[in-house]
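[1] Can you look at this prediction? I've put the sequence above it.
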Amino acid sequence: MSVGSGRELATGAMHALECVDYRIKLTPQEKLTIDLSAPTKFSAYVRGPFIIVKTEQYTKEIQLLERTV
């Protein structure tokens with residue numbers, strides 16, 4: 001999920017990265033850093049620093065999704 005003025009760019013970057021993630025194993029933090037680079041580069045309204053917040057519930061959902069794929 002992404003929000004703000006760069007949400008479309010970030011969402012597109014997330015999708016593209018997920019398409020190749022089976023070859024390159026990245027941590028969630030590494031994925032987000034890469035995903036945020038697209039709106040930073042292509043939007044005049046987006047810039048760092050970015051704060052990445054991790055919640056326990058979301059982590060459990062991700063683990064469940066990874067097991068089903």
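    Looks like it arrived, so ask away.
[2] What ranges does this structure have for its helices?
    Taking DSSP state H, the helices of the chain run over residues 7-20, 28-42, 56-68.
[3] need the least confident one among those, by mean pLDDT.
    Here the helices of the chain differ in mean pLDDT, and the lowest is helix 56-68 at a mean of 64.
[4] how close does residue 51 sit to residue 36?
    Using C-beta to C-beta, to the nearest Å, residue 51 is found at 11 Å from residue 36. No exception for glycine: its C-beta is placed from N, CA and C like everyone else's.
[5] Looking at the two, which one has more neighbours?
    Neighbour comparison, residue 51 and residue 36: the larger count goes to residue 36, with 21 against 5 (by other C-beta atoms under 10 Å).
[6] Not including adjacent chain positions, what is the nearest residue to that one?
    residue 50 (5.4 Å; C-beta to C-beta, 6 or more residues apart in numbering).
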